[in-house]
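> Make a model of this:
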Amino acid sequence: MATILLLTGVLAGVLVWIANRDEVTTPAVARLPHTDGAELFAPPSVIETLDLERFHAAQRACEGPCVTAFGAPLGRADGVESRSNCVSTCVRLESSFVDPDTGQLQIARTAGERPERLEYAGLTYQCVEYARRWWIQTLGLTFGDVPTAADILALTEGRRLSDQAVIPLGRSLNGSARRAPRRGDLLIYAADPSDPEWRAGHVAVVVETDLEQGWVALAEQNYDNRPWSDPEHYARRIRLWRVGERYTLLDIAPDQTENPDGGRIAGWIYPRP
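Below is the predicted model of the structure:
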């Protein structure tokens, strides 16, 4: 019991610890306010049970072999550094805290530890941690805990650091969105419970969009844990299509026609004016 309580404290709401439950779901994002494209498409947000067996498997994955060493720098966008998580299925019981002004990271390795004057970023070197850290350092915004990366699409508000004001968030649904992704948007991949690599989905930051050439550039952590394509600007680029007045993103590089290891993009989320 003490072990379970310790794990629950460290995860701090980022992972859901549920015993003897088969399924937990949240309302479809189309029912939320400020949803662009809701009239055509409504992907649900799913919180999957994380049992002890899967959790221990996630810890064992951290033992390697790693794609790149855990914590190794992979690249940076707007001064926000991305680091390796070893492999995408690795989960360590550590939390990152960041100084909004300097970007300095501090890692908390025990339950309940929270450094003063630093902002919580997330589980160390996970994709959510980088997305939250980029918002903190670049936009002066943060968002609350989520069970998985896929659940970010269901968030309705964030928080401005300067005055702690609540900031409403909007979302665009991939394939039915009239609003193209823009710099600073968080791109959300859907969860796939049948695939260990995509069980929690994924989140990346849009750092550049080219509507004419049809691509967006992404900054991220724990996608493939390889050094970025452009280490000073972005991790990779993916395809953007416009059909009529609707926008669709595919997890395929602009010069490729397929990505067997890619994921399904559910949409993108952003602060509203």
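> all helices of this structure, in order?
Chain-ordered helices for the chain, with DSSP state H as the definition, fall at 2-11, 52-61, 127-134.
> and these, which one is worst for confidence?
Per-stretch averages of pLDDT across the helices of the chain put helix 2-11 at the bottom, with a mean of 38.
> contacting residues for the residue nearest to Cys62 when sequence neighbours are not counted?
Leaving out its chain neighbours, the residue that sits closest to Cys62 by C-beta to C-beta, 6 or more residues apart in numbering is Cys90, at 4.0 Å. For the C-beta atoms, the positions are set from N, CA and C on the backbone; glycine is no exception. Contact partners of Cys90, counting by C-beta atoms under 8 Å, 6 or more residues apart in numbering, are 58-59, 61-62, 70.
> Can you check the pLDDT for Cys90?
For Cys90, the model assigns a pLDDT of 96.
> Give the bridge partners for Val243, please.
According to DSSP bridges, the partner residues bridging Val243 are Arg246.
> so Val128 makes contact with His202?
No. Between Val128 and His202 there is no contact, the gap being 9.1 Å when judged by C-beta atoms under 8 Å.
> These two: which has the busier surroundings?
Here Val128 and His202 are set side by side on neighbour count (other C-beta atoms under 10 Å), and the busier one is His202, at 31 against 25.
> circling back to that earlier point, type out the PyMOL command that picks the buried ones from the contacts of Cys90.
Isolation of the buried members of the contacts of Cys90 (16 or more other C-beta atoms under 10 Å) is achieved in PyMOL through the command below:
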select buried, resi 58+61+62+70
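> From Leu105, how far off is Gly79?
Taking C-beta to C-beta, to the nearest Å as the criterion, Gly79 is separated from Leu105 by 13 Å.
> for Asp224, same thing?
Using C-beta to C-beta, Asp224 is found at 22 Å from Leu105.
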